[in-house]
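Q: Dropping a prediction and its sequence here:
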Amino acid sequence: MALAWCSVEEWQPPALAVLCRSADVRRRHASKLLPACRDLAALERHDLKCLAYALAVLDDEPLVVLHRSTGSGFEVRIGGIGDNFQLHTLLAHVLVGGGHVPGSAPSPESVRLATDPEPARERAEAVATGVFELLAPDGERIWNEGLPDDIPVVEGYRLLVLAEPLYQRSWNADRFFPYLPGTAELTRVLSDDEARTWFARTSTGNGTSQAS
């Protein structure tokens, strides 16, 4: 047990190599290993952030996204996203770049860095700029430094509210896991009635009427 305690960080790189290349491995083992990893990290004796992030990656995950200022809603399916910086970029690409909500779409290079199966060989110079404030249904901020796994589940779906940013922010567009490309696919635009129903489950009420 003492040897295991002293060598636990040495197991992190090979574990990451497998987890970042296999969604099947993540699905089969993450639910058992992630709580143990977080319990161990809470002791503050080992740096297991990367392992915890890899175990928390969501695959083929449905996400309901509400855009507060327009009152519109969307179903998006995400996978392989290492942190909310990457999620932010991909949601802006899908929703702003797709012409569904107003704003400045991310650059093609920042989208490529988030999604390209080939990892960047060195640190990129591309910068991504935030166009949303990511909020939980209760209005609490969901930090870019966090994970898609932080988004609460409501009625079987992770529910995310997009608000106007409180201030301008930008970040390096490299993804957290170089060998893990992210995906975000718009699967459906919600009807007005559906969007209102989902907004009613949030602290923002019915979207545009609460955002003015």
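A: Yep, it's here.

Q: going forward, measure contacts between C-alpha atoms and count neighbours the same way
A: Will do.

Q: who touches the closest residue to P102 other than its chain neighbours in this structure?
A: Leaving out its chain neighbours, the residue that sits closest to P102 by CA to CA, 6 or more residues apart in numbering is V96, at 5.9 Å. Shown in contact with V96 (CA atoms under 8 Å, 6 or more residues apart in numbering): P102, G103, S104, A105.

Q: wait, is the third one part of a strand?
A: No: under DSSP: H, G, I helix; E, B strand; the rest coil, S104 sits outside any strand and is assigned coil.

Q: show me what contacts it?
A: S104 neighbours (CA under 8 Å, 6+ apart): A92, V96, G97, V131.

Q: Which pLDDT value does the model give the third one?
A: When you say that, I think you mean G97. Per-residue pLDDT puts G97 at 97.

Q: I'd guessed it sits against S107; true?
A: No: counting by CA atoms under 8 Å, no contact exists between G97 and S107, whose distance comes to 9.4 Å.

Q: picking up where we left off before, from the contacts of V96, which would you call buried?
A: Among those, those buried by neighbour count (16 or more other CA atoms under 10 Å) are A105.

Q: CSV please, covering the contacts of V96 and showing pLDDT.
A: As requested, the contacts of V96 are arranged in CSV below (pLDDT from 0 to 100):
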residue, pLDDT
P102, 96
G103, 94
S104, 93
A105, 95
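
Q: before we move on, back to that, which members of the contacts of S104 are the farthest-apart pair?
A: Farthest-apart pair in these is G97 and V131; separation 11.5 Å (CA to CA).

Q: between these two, which one's more packed in?
A: For G97 versus V131, the count of surrounding residues by other CA atoms under 10 Å is larger for V131: 25 against 18.

Q: Where does pLDDT dip in the chain?
A: Low-confidence segments of the chain, defined by pLDDT under 70: 205-212.

Q: rerun that using 90 as the cut-off
A: Within the chain, the stretches with pLDDT under 90 are 1-12, 39-48, 118-125, 166-168, 204-212.

Q: Spell out which residues make up each domain of it.
A: 2-55, 61-211 (automatic domain parsing).

Q: Would you pull up how far the longest one lies from the middle of the chain?
A: The reference is to domain 61-211. The chain centroid and the centroid of domain 61-211 are separated by 7 Å under CA atoms, centre = their mean, to the nearest Å.

Q: Not counting the helix or strand where H88 lies itself, show me its contacts.
A: Taking DSSP states H and E as the definition, H88 sits inside helix 84-91. Helix 84-91 is contacted from outside by 81, 106, 110-111, 114, 128-130, 132, 143-148, 171, 173, 175-176, 182-184, using CA under 8 Å, 6+ apart.

Q: strands paired with the helix or strand harbouring V65, and their directions?
A: Applying DSSP H and E as the criterion places V65 in strand 61-67. Sheet pairing of strand 61-67 (DSSP bridges) gives strand 72-79 (antiparallel), strand 157-163 (parallel).

Q: Could you dump these into TSV and include mean neighbour count?
A: Formatted as TSV, the strands paired with strand 61-67 follow (neighbours: other CA atoms under 10 Å):
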stretch	mean neighbour count
strand 72-79	22
strand 157-163	22
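
Q: how about TSV for these, with distance to L34 added?
A: Output for these, formatted as TSV (distance: least, CA to CA, whole Å):
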stretch	distance to L34
strand 72-79	17
strand 157-163	19
